[in-house]
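[1] here you go, sequence then predicted model.
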Amino acid sequence: MTFLEIKNLHVKIEDKEILKGVNLEVDKGQVVAIMGPNGSGKSTLAYALMGHPKYEITQGQILVNGEDVASLGADERAKKGLFLSFQYPQEIAGVTMSNFLRTALNAKRKEKISVLDFHKLLHEKMDILHMDRKFALRYLNEGFSGGEKKKAEILQMAVLEPTISILDETDSGLDVDSLRVVAEGVNALRNKDTGVLLITHYQRILNYITPDAVHIFMDGNIAKSGSKELALEVEEKGYEELKTS
């Protein structure tokens, strides 16, 4: 059974339909990339999958392990195994990364993890991601650079161990060095028990993360699908020429 299956998904914001019958699958062990121009519906898909109340599902299904979660709240979807890395992470003053992550982890566990066991887990994940342990003592995203905010999102993904991670333009605003660090983190966490839905505007992050499939979004739906070569074609020709080809 495919872990995440999107069937004929229609989504509107206020009175405007944004997604127009999207069909998509992401299974554990896969990286599926979604590319498309601004305004094509990529981020709308991400927020709709996680249950943002602004995005109204008017038709279709979001199946997680065969269960339709379209009527569930964001917290319940997270417990089912979905995770969203935001394009613009919010700052939370006074809350350390460590406390935030332990609270988030306990919220999805049946039994709370002890402080000692949590810090052991946190340090293991930070070592995998080659992160300075002092990073966990900083307030969540406060004073972080763009690259540090994205690294914090990857650390959340590492600690929470979701089954499907939705990365919404994680490469946005990153310099080459930060992009490489984030991509290496995603690759380090990639395994047969997790899947990634990678949403991006540009092909460059796919130089570091090899996708199993690439889908091109146009006007709220998938216009074309293929392998990594399709992303290279977009880089060469642009979205408009691809649309008419």
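    Great, that's in hand.
[2] does the residue lying closest to residue 42 once chain neighbours are set aside fall in a helix, a strand, or a coil region?
    Counting by C-beta to C-beta, 6 or more residues apart in numbering, residue 42 lies nearest to residue 199, which is 4.8 Å off, once chain neighbours are set aside. (Glycine included, C-beta is placed from N, CA and C.) Assigned with DSSP: H, G, I helix; E, B strand; the rest coil, residue 199 falls in the strand class.
[3] report pLDDT for residue 199.
    Residue 199 is assigned a predicted lDDT (pLDDT) of 93.
[4] wouldn't it be in contact with residue 171 here?
    No. In this structure residue 199 lies outside contact range of residue 171 using C-beta atoms under 8 Å: 9.7 Å.
[5] show me whatever sits in contact with both of the two.
    Counting by C-beta atoms under 8 Å, 6 or more residues apart in numbering, residue 199 and residue 171 have no contacts in common.
[6] now for residue 62: which residues touch it?
    4, 5, 6, 9, 48, 49, 68, 69, 70.
[7] returning to what we had before: if I look at the residue nearest to residue 42, how far off is residue 6?
    Taking C-beta to C-beta, to the nearest Å as the measure, residue 199 falls 13 Å from residue 6.
[8] how much space separates the spatially closest residue to residue 171 that is not a sequence neighbour from residue 183?
    Counting by C-beta to C-beta, 6+ apart, the nearest residue to residue 171 once its immediate chain neighbours are dropped is residue 205, at 4.2 Å. Per C-beta to C-beta, residue 205 is found 6 Å from residue 183.
[9] higher neighbour count, these two?
    Of the pair residue 205 and residue 183, residue 205 is the one with more neighbours under other C-beta atoms under 10 Å, namely 24 against 21.
[10] how near is the more buried one to residue 113?
    Applying C-beta to C-beta to residue 205 and residue 113 gives a distance of 32 Å.
[11] residue 94 now?
    22 Å.
[12] flag the helix or strand of this protein with the lowest per-element mean pLDDT.
    One helix or strand of the chain scores below all others by mean pLDDT, DSSP states H and E: helix 239-244, with a mean of 71.
[13] which residues touch the residue nearest to residue 42?
    Contacts of residue 199 by C-beta under 8 Å, 6+ apart are 33, 34, 42, 43, 45, 46, 166, 167, 168, 169.
[14] you'd agree residue 202 is in a helix?
    No. Under three-state DSSP, residue 202 falls outside any helix and is assigned coil.
[15] next up, phi/psi of the closest residue to it other than its chain neighbours, please.
    Among residues not flanking residue 202 along the chain, residue 171 sits closest, at 6.8 Å (C-beta to C-beta, 6+ apart). When read as degrees, to the nearest 10, the backbone of residue 171 gives phi -80, psi 0.
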